[in-house]
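Enquirer: fold the following, please.
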Amino acid sequence: MRRTTVRNLFDKKPIGEDILVKGWVKSLRKSKTFCFIVLNDGSAQKDLQIIADESLAGYEDFTKCLVGSSLSIHGKLVESGGKQPIEVQASAVEILGTTPQDYPLQKKGTSMEFLREIAHLRPRTNVFGAVFRVRHELAQATHKFFTDKGFYYLNTPILTAMDAEGAGELFRVSTLDPNKLPLDKSGKVIWEKDYFGKESYLCVTGQLEAEAFACSMGSVYTFGPTFRSENSNTTRHLSEFWMIEPEVAFADLEEVAELGAEYIQFMIKHVLEKCPDEMALFNSFVEKGIIAKLEKVAATPFKRITYTEAVDILLKSNKKFEYKVEWGVDLQTEHEKFLTDEHFKGPVIVTDYPKEIKAFYMRQNEDGKTVRAMDILVPGIGEIIGGSQREERLDIIEAKIAEEGLDPDLYKWYLDLRRYGTVPHSGFGLGFERAVMYITGMSNIRDVIPFHRTPNHIDF
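Expert: Predicted coordinates for the structure are as follows:
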């Protein structure tokens, strides 16, 4: 007989049918003549209750199984008089795997810090099973949203020779023996002898390559891993994370800002529809009221202000911030959260940032001081999307590359996009883990990615 999942049983409720389920024991309660087994196979937030009679073969053995043991159970699906609508009357129980007394996931509360130490087991908990089912649905929502809008899904390189953001937060990739580096007479490494013949790194973004395809295919999006060697030990930063980066030819900043807001609202609606059980858990145990908060965001237009207006609001608030507020300095998380959580009480799109704090590829405004950049800020998180209208004027972007001290040879192909039929184009990046944090209410970004990579942590 083919195994069926707990999810399918709750969805279809084939009452009276013989079924086969397999999963892990969440609890087992034995009485004189029968026992209750609560099983979960990871396919759903719900657990399945099984009633097994003492007449079954191996009763004394399988009733000794501890939490975390795995069982295979044949039986008949019947209506239940308890909290759940269905349960299984077992006709045969087979032990697949047992656990010892020191199994780390017992029926008691445990800390998030401890669960990070057993990240290979934490998906078996209610909270983390819910997190990663929601993460799956958010990925599906991403592909549906952009596909339905006519975007093409693009796989951009993970290896690069370019620092696309200009921040220097790069992981070097090399096959050279660190104990026998080839050096020239001045003591510098001869990178021509490395695998790629030049210095190479893990990508911080797929944007530049996406621009090339947008300037050929109109609208594209990437969805893949990116890497930053920024030494940030915060609840909002990872060294390896996933990014969604749409790029749109012939679009200005206003168009992609609207696209970003619509995308966030689409994701929220998708998860509220597809993951009601998971969201109910988050609403009760992770962030009370998160469902109502998300429903409001999904139904409300996003506020729009300029960076200059944001600075004025922060200065006039008379609130004491840890980081000083002044024009020309980037907004910190505490500033962003004040704007979303306290001032506007909702999402905010901030545009037109000072050019000195933004990347070389952003389109310069006529004032000579700001660029066509935008961030979308959401309550509780701060920045969730960062984007810009790209500089399509060849002479200006050439001057910017020279000003930043970047190697023009590395960017020759990128400049060709401005030489050959240049067009206005825009795009943004959304950190996938921050979106998962926002929609689940989880407070630490390490808890919304299967195995986190942070400074001094590369376990599993």
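
Enquirer: any regions of the stretch 1-150 of the chain where pLDDT drops low?
Expert: By pLDDT under 70, the stretch 1-150 of the chain has no low-scoring segment.

Enquirer: please enumerate the strands of it.
Expert: In the stretch 1-150 of the chain, the strands defined using DSSP state E, counting those that start in this stretch lie at 18-30, 34-40, 48-53, 70-79, 86-97.

Enquirer: the ones you listed: which one's closest to Q140?
Expert: Closest of these to Q140 is strand 34-40, at 22.0 Å (criterion: CB to CB). No exception for glycine: its C-beta is placed from N, CA and C like everyone else's.

Enquirer: strand partners (parallel or antiparallel) of that closest one?
Expert: Note on strand 34-40: by DSSP bridges, its sheet partners are strand 18-30 (antiparallel), strand 48-53 (antiparallel).

Enquirer: may I see those arranged in a markdown table, with mean neighbour count as well?
Expert: Output for these, formatted as a markdown table (neighbours: other CB atoms under 10 Å):
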| stretch | mean neighbour count |
| --- | --- |
| strand 18-30 | 17 |
| strand 48-53 | 20 |
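
Enquirer: and of these, who's closest to E356?
Expert: strand 18-30 (54.5 Å).

Enquirer: now the angle from that closest one to strand 70-79?
Expert: Taking axes from the mean of the first three to the mean of the last three CA atoms, to 10 degrees, strand 18-30 and strand 70-79 form an angle of 110 degrees between their directions.

Enquirer: buried residues in stretch 125-142, which are they?
Expert: Residues of stretch 125-142 classed as buried by neighbour count (16 or more other CB atoms under 10 Å): 127-135, 137-139, 141-142.

Enquirer: kindly check the end-to-end length of stretch 216-233 for me.
Expert: End-to-end distance for stretch 216-233, by CA to CA, to the nearest Å: 40 Å.

Enquirer: please apply the same query to stretch 361-376.
Expert: 19 Å.

Enquirer: how far off centre is it?
Expert: Between the centre of stretch 361-376 and the centre of its chain there are 27 Å (CA atoms, centre = their mean, to the nearest Å).

Enquirer: and if you look at stretch 231-239?
Expert: 14 Å.

Enquirer: try stretch 212-221
Expert: 23 Å.

Enquirer: neighbouring contacts of that stretch?
Expert: With contact meaning CB atoms under 8 Å, 6 or more residues apart in numbering, stretch 212-221 is reached by 142, 146, 149-154, 210, 244-250, 413-414, 417, 421, 423, 425, 427.

Enquirer: and that stretch, end to end?
Expert: 12 Å.

Enquirer: I'd say D447 and T125 touch.
Expert: No - using CB atoms under 8 Å, D447 and T125 do not qualify as a contacting pair, with a distance of 10.8 Å.

Enquirer: any chance of JSON lines for the strands paired with strand 34-40, columns distance to E230?
Expert: Listed next are these as JSON lines, based on distance: least, CB to CB, whole Å:
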{"stretch": "strand 18-30", "distance to E230": "38"}
{"stretch": "strand 48-53", "distance to E230": "44"}
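
Enquirer: tell me, how many residues neighbour the closest residue to R172 other than its chain neighbours?
Expert: Once flanking residues are discounted, R172 sits nearest to Y201: 5.7 Å by CB to CB, 6 or more residues apart in numbering. When neighbours are counted by other CB atoms under 10 Å, Y201 registers 20.

Enquirer: quick one on the thing from earlier: any of the contacts of stretch 212-221 buried? List them.
Expert: 142, 146, 151, 154, 210, 244-249, 414, 417, 425, 427.

Enquirer: tell me which of the strands of the stretch 1-150 of the chain approaches R390 most closely.
Expert: Using CB to CB, the nearest of these to R390 is strand 34-40, at 47.7 Å.

Enquirer: and the closest one, how far out from the chain middle?
Expert: With CA atoms, centre = their mean, you get 35 Å for strand 34-40.

Enquirer: which outside residues touch that strand?
Expert: 6, 21, 23-29, 46-54, 59, 63, 71, 73, 90, 93, 124, 129.

Enquirer: so of the contacts of stretch 212-221, which ones are in helices?
Expert: Counting by DSSP state H, these place T142, F146, A210, W413, Y414, L417 in helices.

Enquirer: which of those residues sit farthest apart?
Expert: T142 and W413 (27.7 Å).

Enquirer: can you tell me which residues contact H335?
Expert: A310, L314, F321, Y323, V325.

Enquirer: K303: how many residues sit nearby?
Expert: Using other CB under 10 Å: K303 sits among 16 other residues.

Enquirer: then G81?
Expert: 8.

Enquirer: F145 versus that one, what's the distance?
Expert: Noted for G81: a distance of 43 Å to F145, by CB to CB, to the nearest Å.

Enquirer: for M243, same thing?
Expert: Computed as CB to CB, the M243 to F145 distance reads 15 Å.

Enquirer: over to H457?
Expert: Using CB to CB, which is the criterion applied here, H457 is 32 Å from F145.

Enquirer: kindly report the same for K288.
Expert: Relative to F145, and taking CB to CB, K288 is found at 28 Å.

Enquirer: so between these two, which is more surrounded?
Expert: F145 (21 against 12).

Enquirer: who's in contact with the more buried one?
Expert: F145 neighbours (CB under 8 Å, 6+ apart): Y263, F266, M267.

Enquirer: turn the strands of the stretch 1-150 of the chain into JSON lines, including distance to K188.
Expert: Output for those, formatted as JSON lines (distance: least, CB to CB, whole Å):
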{"stretch": "strand 18-30", "distance to K188": "56"}
{"stretch": "strand 34-40", "distance to K188": "58"}
{"stretch": "strand 48-53", "distance to K188": "64"}
{"stretch": "strand 70-79", "distance to K188": "57"}
{"stretch": "strand 86-97", "distance to K188": "56"}
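
Enquirer: can you show me the helices along the stretch 101-250 of the chain?
Expert: 112-117, 126-148, 207-217 (DSSP state H, counting those that start in this stretch).

Enquirer: which of these sits closest to A399?
Expert: helix 207-217 (18.0 Å).

Enquirer: and the closest one, what's buried?
Expert: Neighbour count says helix 207-217 has Q207, L208, E209, A210, E211, A212, F213, A214, C215 buried, by 16+ other CB under 10 Å.
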